[in-house]
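Colleague: structure for this input, please:
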Amino acid sequence: MDTILLLSIFLVFITALIGSFLQRRKRDKVLADLQGFHAVARMQNDDRIWGQMEVYANGLELVYAQPFQNHRGHLTTSFILFRDGIDQVQSLYRFHSELTPENQQRRAKEIELTHNPGMLRIALRRVKNFLNTFRDAINESMGMLLTRMKGTSSMSLFRTQDDRLKKFGSKALGSVGNAYDPILERYIGKPVVVELETAAGEKEEYAGLLREYSQAWLSVFDCRVREETRLPLGDPLRLSIQRDLDFWIHVDHSKQQPGHFDMKLRIQCYSSQVIYCKQIEGGNFQFPVDSYLRKGESFECILEAIPEALMAQHKKDVWPVEFALIAPERLASMAENNVSTTVSDTGLPNLELVIESEREVDIFAPRTLAVLRHGGSAALHSM
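Modeller: The predicted structure is shown next:
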């Protein structure tokens, strides 16, 4: 058998194997920073989805803290976005106030690697940039080599393989390279202003530090946003990892109506920013709060005659129950004061606390909607 034919078959097999392996394992390097973090997906229809992010080569999964019943009555544990669903994401938020102590350390390490990448990391990045910059030239050289080999081969089968070989070679190079952009590369770790287009066609601007970019995404750290947030009182994990607010909840039978329950709620503010608590709502139930909380201040209210249908789970025979949902860094002091921080199996109410405040956030945005519009400055970033 022709030696060139054997070489052709071997190259096709090896390049296909390497390309397939790399593509199946390759995650977007921007989105990979979100692996294991709790994040909010802001969809283009303005829906918000919250959960622990799992990043795959072909999609994303937001894992809920507890099972959630959707509008069709199905009990769901996560929200999955494949490639077509990812196209509907307007941005991904990672709020600093929702980072556990462990994830705070992970994020600090990410920032340290951005500002002080080390010699090996710099070298690897330069190699990837080189491969990407000269990818077309490398592919063209491969084509010329294959053409020459084809001319010396007596087997017609090899003559049909050059396009496939070049395709596999390009795929393998794309897997180890990255979307090199000389302007974005210059601003890695520096203050920038990113412009994001909303579904309504409006422009939003975010000032922060450019952390990373890929062909499809870019990330900007240490941004500040002011927006309305809905904190689900039925999600103990999200409440307990809040570093801005701590919650104390007391549930008992309603003193006014059978089949209802009363809830006493106390909120303690630890944020350096003023938090405006608008209202508590769920179903047809609504309770106005209209209270501004500064650091060290608290708010307390009693919600009466709430329908038991708004309680995720309940066991009337164990009411009254009382528990606290405290940020991890404050748990030790609470335990010393004999405050229960364990949520009982009575569950929590399916109500939402609507708040508005300025929050620090890391933003991950698709490059189809986001563009680096301005170079920033340290003064601009500190605003």
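
Colleague: tell me which element Ser219 falls in.
Modeller: Assigned by DSSP states H and E, Ser219 belongs to strand 217-232.

Colleague: list the buried residues for that strand?
Modeller: By 16 or more other CB atoms under 10 Å, the buried positions in strand 217-232 come out as Trp217, Leu218, Ser219, Val220, Phe221, Asp222, Cys223, Val225, Thr229, Leu231, Pro232. Just so you know, the C-beta spots here come from the backbone N, C-alpha and C atoms, and that holds for glycine as well.

Colleague: please apply the same query to stretch 55-64.
Modeller: In stretch 55-64, counting by 16+ other CB under 10 Å, buried: Val55, Tyr56, Leu60, Glu61, Leu62, Tyr64.

Colleague: so which elements touch the strand holding Ser219?
Modeller: The contact analysis (3 or more CB pairs under 8 Å, 6 or more residues apart in numbering; DSSP states H and E) places strand 217-232 against strand 191-197, strand 203-213, helix 236-240, strand 352-366.

Colleague: quick one: which of these is nearest Pro182?
Modeller: Of all the helices and strands packed on strand 217-232, strand 203-213 sits nearest to Pro182, with 11.5 Å by CB to CB.

Colleague: OK, contacts around the residue nearest to Lys203 when sequence neighbours are not counted?
Modeller: With CB to CB, 6 or more residues apart in numbering as the criterion, Lys203 has its nearest non-adjacent residue at 5.5 Å, and that residue is Glu195. Going by CB atoms under 8 Å, 6 or more residues apart in numbering, Glu195 touches Lys203, Glu204, Glu205, Ala370, Val371, Leu372, Arg373.

Colleague: burial of the third one, as a residue count?
Modeller: Think Glu205. 11 (other CB atoms under 10 Å).

Colleague: next one: the last one
Modeller: For Arg373, the number of neighbouring residues by other CB under 10 Å comes to 14.

Colleague: for it, give me its contacts.
Modeller: Val193, Val194, Glu195, Glu205.

Colleague: what pLDDT, on average, does stretch 331-351 get?
Modeller: Throughout stretch 331-351, pLDDT has a mean value of 64.

Colleague: and that stretch, how far apart are its ends?
Modeller: Using CA to CA, to the nearest Å, the end-to-end distance of stretch 331-351 comes to 24 Å.

Colleague: stretch 31-41 too?
Modeller: 12 Å.

Colleague: over to stretch 264-282?
Modeller: Stretch 264-282: ends 16 Å apart by CA to CA.

Colleague: same deal with stretch 242-257?
Modeller: Note: stretch 242-257 ends 33 Å apart using CA to CA.

Colleague: so, low pLDDT: which residues of the stretch 151-300 of the chain?
Modeller: 151-178 (pLDDT under 70).

Colleague: one more pass at 90, please.
Modeller: 151-182, 198-202, 215, 227, 232-243, 249-261, 283-284 (pLDDT under 90).

Colleague: about what we covered before: quick one: buried ones out of the contacts of Glu195?
Modeller: Buried, going by 16+ other CB under 10 Å: Glu204, Ala370, Leu372, out of these.
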